[in-house]
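Visitor: this is a predicted model, with the sequence first.
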Amino acid sequence: MPRYAITTFGCQMNVHDSERMHEVLRRAGYTESEDPKAADVVVLNTCSVREKAEQKLLSEVGRLAKWKQTHPEMVLVVAGCVAQQEGERLLTRSQGIDLVLGPDNIPELPRLLDDIGLGAPPLVRTVFDLEAPRFLTALSDEGDVARNPTVDARAPTAFVTTMKGCNERCSFCIVPYTRGPERYRPSAEIIAEIAGLVAAGVREVTLLGQTVNSYRDPSSELSRAPGASPDDPDESEFAALLRRIAAEVPGLVRLRYTSPHPRHLTPSLIEAHTDLPVLARHVHMPVQSGADRILKRMIRRYTRAEYVARVGSLVARLPDLSLSTDIIVGFPGETEEDFAATLSLVREVGFRGLFGFKYSQRPYTPARKLADDVPEAEKSERLARLFEVSEELLGAHLQRLAGSRQRVLVEGAGKEGTNAWTGRTERNEIVHVAGAERLDLRGSIVEVVITRANKHSLQAELSDEARAAAKPLPAAPPAAPVEAPKPRAAGERRSLPIVAAGGG
Ligand code: 5AD
């Protein structure tokens with residue numbers, strides 16, 4: 001049986017795409033190899049959002065190409081955003097690549113590998129499925145995830161795709177180029193997938209999309225959500241989708257989404273957050289900068305005041321909601337004053353989580369026309385100052401929770417010896433639960449008492465009530481009828497098989 005190995009770089013969307021490649025390859029009779037050097041087919045699923053990620057890929061390709069000189073039978077596949085971005089050029093830039101595969105062409109992978117096996121020259125397949133978009137589902141052919149023997153029913157969290165591509169034109173961002181225009185998945189398909197996952201034991205679902213809250217139902221089956229204004233150009237059907245999920249999948253415990261665009265944080269979405277207890281009290285809302293001058297050059301299509309007003313009205317309704325964000329430092333033309341505005345915004349909003357990036361110029365982006373004029377050392381310094389502020393805010397927030405009671409969705413075994421279990425609150429704080437080594441908590445929602453705050457997480461013990469209600473772990477692990485799929489990427493939680501559905 002031919003063996004394959006997949007290495008994943010980049011975002012959750014890529015993790016999700018890698019899962020889909022695992023699935024199509026397994027179905028075509030391939031088995032997974034932990035070691036790329038022992039594999040017949042090696043897939044690198046790539047990210048091009050920042051230059052560093054792309055360089056990482058090219059050095060990995062170089063390493064594998066060298067190995068291939070003495071192992072010419074190995075097939076090397078470059079997939080993902082660098083594949084889509086570079087296409088043919090990858091073949092001339094790097095020797096040894098057999099197949100360049102775009103994100104929309106994953107279902108064709110086994111067939112293309114067959115062609116290569118028959119002696120085809122290096123192939124490039126990077127065509128967007130614009131007419132009949134295909135989306136991922138975790139459903140088996142029978143449409144019932146619960147009957148699929150390869151599902152790891154113990155995984156309590158899962159990602160579900162709602163849309164792909166991006167219609168924004170943020171000047172720094174390559175995603176519209178690598179992922180194409182927005183295409184949405186019919187709401188009934190999304191609901192069916194979530195219902196199937198919940199029936200299989202999933203407790204928390206994260207809806208995935210490049211601008212997840214610009215969702216519109218292509219099958220026009222959603223009724224207008226409360227608060228939705230038909231005249232508002234920023235209005236979408238995302239709130240209606242959330243309401244339908246909540247109504248039709250009552251067994252779902254927690255619902256998250258990522259990543260939204262601030263423009264579509266409309267009154268209807270704020271109402272949905274107020275009305276639906278299933279929505280987690282955490283929203284990741286990328287702001288990118290706190291200076292209007294820079295936001296304009298970034299083509300973000302909102303001002304600082306508009307951002308603050310929108311997240312402000314969400315927090316006014318739900319005061320315990322946590323906000324996190326993405327920020328780019330050193331965008332072309334960013335002065336010290338602009339950066340100071342970003343720091344003041346971070347404090348004003350009180351973000352409890354922050355991903356910070358140094359601007360890196362990307363091909364095919366509008367910002368290429370602007371001189372990348374903030375020196376590297378200055379970018380590094382600004383990033384360090386940004387992280388200092390965000391650590392201070394997170395630290396103060398976590399300190400405030402010491403001694404409180406929290407509800408935690410236990411996601412899996414803890415890493416450190418003293419922490420039996422690890423999970424998250426609905427506000428996304430990471431909680432390590434000690435003193436529960438003999439209890440089986442995976443996938444359950446438990447009440448804990450926070451004993452202390454760490455730098456980035458919380459330490460806790462089970463409440464007496466939760467301890468009394470918890471089931472003991474079986475003495476010996478029960479013989480599994482089917483081997484559960486092994487975890488594949490660091491930080492990856494999903495272990496459900498995925499098949500392409502819909503479209504052609
Ligand atoms: N340079 C630096 N950071 C970038 N991001 C996207 N494009 C770039 C770029 N050219 C960041 C943004 C985005 C996150 C996923 O990556 O902050 O929200």
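Guide: Right, received. Where do you want to start?
Visitor: could you give the bridge partners of the residue in the stretch 351-500 of the chain positioned nearest to the ligand?
Guide: When distances are taken as C-beta to the nearest ligand atom, the stretch 351-500 of the chain approaches the ligand most closely through F357, which lies 3.6 Å from it. The way it works is simple: take the backbone N, C-alpha and C, and place the C-beta from them, glycine included. Using DSSP bridges, the bridge partners assigned to F357 are I328.
Visitor: same question, L76
Guide: With beta bridges defined as DSSP bridges, L76 has these partners: V42.
Visitor: per-residue confidence for it?
Guide: Here the pLDDT value assigned to L76 is 97.
Visitor: next, count neighbours for it.
Guide: 23 (other C-beta atoms under 10 Å).
Visitor: also the one 3 residues further on?
Guide: Applying the criterion other C-beta under 10 Å, we find 27 residues in the vicinity of A79.
Visitor: now P233
Guide: In terms of burial, P233 registers 7 neighbours under the definition other C-beta under 10 Å.
Visitor: and it, which of the three is it?
Guide: Using DSSP: H, G, I helix; E, B strand; the rest coil, the secondary structure recorded for P233 is coil.
Visitor: what does the stretch 301-450 of the chain put close to the ligand?
Guide: For the stretch 301-450 of the chain, the residues in contact with the ligand under the definition C-beta under 6 Å from any ligand atom are D326, I328, F357, Y359, S360, R362.
Visitor: ranking by neighbours, what's the top pick from those residues?
Guide: I328 (25 neighbours).
Visitor: still on that earlier bit, isn't the residue of the stretch 351-500 of the chain closest to the ligand up against V329?
Guide: Yes: contact between F357 and V329 holds when scored by C-beta atoms under 8 Å: they sit 7.3 Å apart.
Visitor: shared neighbours, these two?
Guide: By the contact definition C-beta atoms under 8 Å, 6 or more residues apart in numbering, F357 and V329 are jointly contacted by L383.
Visitor: domains of the protein?
Guide: Domain assignment for the chain by automatic domain parsing gives 3-125, 142-400, 405-472.
Visitor: gap between the longest one and the chain center?
Guide: Once both centres are worked out by C-alpha atoms, centre = their mean, to the nearest Å, domain 142-400 turns out to sit 10 Å from its chain's centre.
Visitor: what does the pLDDT read for R93?
Guide: The predicted structure scores R93 at 87 on the pLDDT scale.
Visitor: how much space separates it from R362?
Guide: 16 Å (C-beta to C-beta, to the nearest Å).
Visitor: same check on P474?
Guide: 51 Å.
Visitor: again with Y177
Guide: From Y177 across to R362, the span is 8 Å (C-beta to C-beta).
Visitor: G209: what's it in contact with?
Guide: When the contact criterion is C-beta under 8 Å, 6+ apart, the partners of G209 are T161, T162, M163, K164, Y215, Y257, S259.
Visitor: and which of the residues you listed is nearest to E86?
Guide: Proximity to E86 was ranked across these by C-beta to C-beta; first place goes to K164, at 19.7 Å.
Visitor: from Y177, how far off is the closest one?
Guide: From K164 over to Y177 the distance is 14 Å, taken as C-beta to C-beta.
Visitor: more neighbours, those two?
Guide: K164 (26 against 16).
Visitor: shaky segments in this protein?
Guide: Residue ranges of the chain with pLDDT under 70: 136-154, 416-418, 476-504.
Visitor: pull the longest helix from it.
Guide: The single longest helix within the chain, with elements called by DSSP state H, is helix 376-401.
Visitor: from the contact counts, what lies against it?
Guide: Packed against helix 376-401, as judged by 3 or more C-beta pairs under 8 Å, 6 or more residues apart in numbering; DSSP states H and E, are the following elements: strand 322-329, helix 336-349, strand 353-358, strand 445-453.
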